[in-house]
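S.K.: Provided below for reference: sequence and predicted model.
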Amino acid sequence: MRDWLLDFLRCPFCAGTVQASAKVAGDGDVCTDGLLHCPTCCFDFPIVGGVPILRHPDDTLDAQNETTERVIVPGPRVRDIAHALKDGDRSRAFELVLNPFTLGGPVIPTSLAAWKPKGLQRGESPTVPTGLANGSKALGIKAAIINRIRKNGLLATAKGNAKKAVLPLWRKSLARYLTERRDRLSALEIIELYYGFYSNSEISNYFSYRYTQPRHLAALCLASVLRDSKEAVLDLACGVGHLAHYLSYGQQDKRVVGIDRDFFRLFIAQNFIAPQASFVCGEADTSLPFADTAFGAVFCSDAFFCFLQRASAAREMARVIGPEGNIVLTRTRNFAVEPRQGYELTADGYRRLFAGCGLKSVLFSENTLVRQYLGRQGLDLTVDDEANLERSEWLSIFASRSDAPFRHYPAWTEWPHAVGRLGVNPLYERTPRDGQVGLKVRFPSGWYRYQNEKFLEYAQAECSVPAALISALGAGEAAADEVQPYIDRFVVIGMPDRYLPVAAGGASSAGATP
């Protein structure tokens, strides 16, 4: 956590200021692990992995279903994490915040020995942290039970004391693994390990291949209005920080803050996706832990329709923006289109919601924004996309207290999807052939294809790229005129510096060939 974030933070329970009370680890103006304190409530809020957790001390950091809020795996109490930090035990605090996001429970941790990420190109296999192999014996779990858990792979197969023992062992082993290899792992590897290998979840694919999804292009279309502004931006329900990366990358003086209820997503965001931004673990649809008028804009993508407290969330977003502030929602569902999935509103319902907060708004269908993006037409915020709203499943809203943003913006000279370190889009499978590298789109699952098949309408499904250009990309030395045609076709995209695995020899696998 950077010191400047304190100027934005407020206690979510009394709205008072919070103070830095202990720095357990960190350098200069950055606190990696420590404590914040609210003198009014006498609450201690832990900071773990650079992420402050502004939740009630008796709250638990559960893995929850995004829409129903049903608890999937119970998590630790916030006060227990704070107590570990008061004792100076950073390792214990990190273990506690790790919670498997899976319907069945975590895979037994000894299966780390079998894990090798698909993109790993280091010429080595991940090694199991010391002590893992004998962990079950130390916990006194019967061999027959352990064998059954290994065979079935899920915590749900364990009973009684064995079930209680497996989760702490899982946390301890994963914490050690991440700590030992943190500087060598990429964002894709950690997402695959945490959300893919352990839970076999589509969440892994959703986060790993987000950058050129149609929904992300629609979000970039509206976010482009905010990127060059000097005003601070709040990324609400930010996930692992894809939009925070776009808003903050290369912007030295830009203040970007992300908030989400899921700690591990924020850990990935802070340490791998958008290290220039700051992130807070807290509730996104109730009392936000930020000062009045702290931000110039609030951006919320692919989440608002899941909020149980929509009116409260809208009021809170309006509270934390300034007198000229903007609120942007993208990928929020339309109640007029079935089947319904969450707590969506109609287009008129969204208008009324923000009008009640004193904001004027314009609405778009997601398809319209994607077309504007691909056509490089420049964003037009002067009129509603009225003709397409009623039948569009996904809506986007731009709302503001000021009339100034509602204008026609010039077409951007550089693609927003090129912001970041340039590399080959990870959706492409590679095949070396005679000085060329064959690239072909490979969707990671049938469900991902169903949700994102429109990608094939604007991207090149298959092509060949000179191997020399691939190598130049990996070294960060590709000539702009050579790489631009591949950016135009979404074959090459901008990503965070630590997004792709590092190939043997130290080069990013943005340019590595198998």
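M.R.: Perfect, thanks for sending it.
S.K.: wait, a helix at residue 413?
M.R.: No. If the criterion is DSSP: H, G, I helix; E, B strand; the rest coil, then residue 413 is coil and not within a helix.
S.K.: what number of residues lie near it?
M.R.: Residue 413 sits with 6 neighbouring residues when counted by other Cβ atoms under 10 Å. (Each C-beta comes from the backbone N, C-alpha and C, glycine too.)
S.K.: same check, this time on residue 59
M.R.: 17.
S.K.: nearest spatial neighbour of it, chain-adjacent residues omitted?
M.R.: residue 78 (5.2 Å; Cβ to Cβ, 6 or more residues apart in numbering).
S.K.: what residues go with each domain of this protein?
M.R.: 1-85, 102-200, 214-400, 420-495 (automatic domain parsing).
S.K.: which of those domains has the lowest mean pLDDT?
M.R.: Of all these, domain 102-200 carries the lowest average pLDDT, namely a mean of 55.
S.K.: what helices or strands is the strand or helix carrying residue 221 leaning on?
M.R.: Counting by DSSP states H and E, the element that carries residue 221 is helix 214-227. Judged by 3 or more Cβ pairs under 8 Å, 6 or more residues apart in numbering; DSSP states H and E, the packing partners of helix 214-227 are helix 242-248, strand 295-301, strand 321-333, helix 366-375, strand 394-400.
S.K.: residue boundaries of the helices in the stretch 401-514 of the chain?
M.R.: 446-452, 455-458, 467-474, 480-488 (DSSP state H, counting those that start in this stretch).
S.K.: counting contacts, what elements does the last one pack onto?
M.R.: With contacts taken as 3+ Cβ pairs under 8 Å, 6+ apart, helix 480-488 sits against helix 467-474, strand 492-495.
S.K.: how distant is it from the center of its chain?
M.R.: 27 Å (Cα atoms, centre = their mean, to the nearest Å).
S.K.: go on, stretch 90-103?
M.R.: 17 Å.
S.K.: how about stretch 175-186?
M.R.: The answer for stretch 175-186 is 19 Å, by Cα atoms, centre = their mean.
S.K.: could you check how far residue 45 is from residue 229?
M.R.: From residue 45 across to residue 229, the span is 29 Å (Cβ to Cβ, to the nearest Å).
S.K.: so which of the two has more stuff around it?
M.R.: Neighbours were counted for residue 45 and for residue 229 using other Cβ under 10 Å; residue 45 has more, 29 against 15.
S.K.: if I pick the closest residue to the more buried one other than its chain neighbours, what's in contact with it?
M.R.: Nearest residue to residue 45, sequence neighbours excluded (Cβ to Cβ, 6+ apart): residue 36, at 4.2 Å. By Cβ atoms under 8 Å, 6 or more residues apart in numbering, the residues touching residue 36 are 9, 18, 19, 20, 21, 44, 45, 46, 47, 52, 54.
S.K.: that's a strand at residue 36, yeah?
M.R.: Yes. Counting by three-state DSSP, residue 36 falls inside a strand.
S.K.: check contacts around residue 441.
M.R.: 427, 428, 429, 455, 456, 459, 461, 462.
S.K.: swap the cut-off to 10 Å and go again
M.R.: Residues counted as contacts of residue 441 (Cβ atoms under 10 Å, 6 or more residues apart in numbering) are 425, 427-429, 449, 455-456, 459-463, 490-491.
S.K.: neighbours of residue 20, how many?
M.R.: Neighbour tally, residue 20, other Cβ under 10 Å: 17.
S.K.: check contacts around it.
M.R.: 1, 3, 5, 6, 9, 31, 34, 35, 36, 37, 47, 52.
S.K.: run a quick neighbour tally on the nearest residue in space to residue 202 that is not next to it in sequence.
M.R.: Computed as Cβ to Cβ, 6+ apart, the closest residue to residue 202 that is not its neighbour in sequence is residue 447, at 5.5 Å. Other residues near residue 447 come to 12 when the count uses other Cβ under 10 Å.
S.K.: then the one 5 residues further on?
M.R.: The number of residues packed around residue 452, counting by other Cβ under 10 Å, is 21.
S.K.: right, and it touches residue 458 too?
M.R.: No. Using Cβ atoms under 10 Å, residue 452 makes no contact with residue 458, being 11.3 Å away.
S.K.: residues in a beta bridge with the closest residue to residue 396 other than its chain neighbours, which ones?
M.R.: Nearest residue to residue 396, sequence neighbours excluded (Cβ to Cβ, 6+ apart): residue 330, at 4.3 Å. Residue 330 has these beta-bridge partners by DSSP bridges: residue 301.
S.K.: residue 330 contacts residue 225, doesn't it?
M.R.: No. Contact criterion Cβ under 10 Å: residue 330 and residue 225 do not qualify, at 12.0 Å.
S.K.: what touches both of these two?
M.R.: With Cβ under 10 Å, 6+ apart, residue 330 and residue 225 have common neighbours 299, 398.
S.K.: neighbour count winner among those two?
M.R.: Between residue 330 and residue 225, residue 330 has the larger neighbour count (other Cβ under 10 Å), namely 27 against 18.
S.K.: contacts only, for the more buried one.
M.R.: So residue 330 contacts 215-216, 218-223, 243, 299-304, 364, 366, 369, 394-398 (Cβ under 10 Å, 6+ apart).
S.K.: at 7 Å what do you get?
M.R.: 218, 219, 222, 301, 302, 396 (Cβ atoms under 7 Å, 6 or more residues apart in numbering).
S.K.: I'd like the distance between it and residue 169.
M.R.: On the measure of Cβ to Cβ, residue 330 and residue 169 end up 40 Å apart.
S.K.: one more: residue 341?
M.R.: 36 Å.
S.K.: neighbour count: the two, which is higher?
M.R.: residue 169 (19 against 11).
S.K.: need the three-state assignment for that one.
M.R.: Each residue gets one of three states, and residue 169 gets helix by three-state DSSP.
S.K.: center of this structure - which residue?
M.R.: Centroid check for the chain by Cα atoms, centre = their mean gives residue 240 as the closest residue, at 1.4 Å.
S.K.: which residues touch that one?
M.R.: 191, 207, 265, 268, 269, 273.
S.K.: likewise residue 182?
M.R.: Contacts of residue 182 (Cβ under 7 Å, 6+ apart): none.
S.K.: any idea how far it is from residue 1?
M.R.: 17 Å.
S.K.: check residue 323 too.
M.R.: Counting by Cβ to Cβ, the gap from residue 323 to residue 1 is 28 Å.
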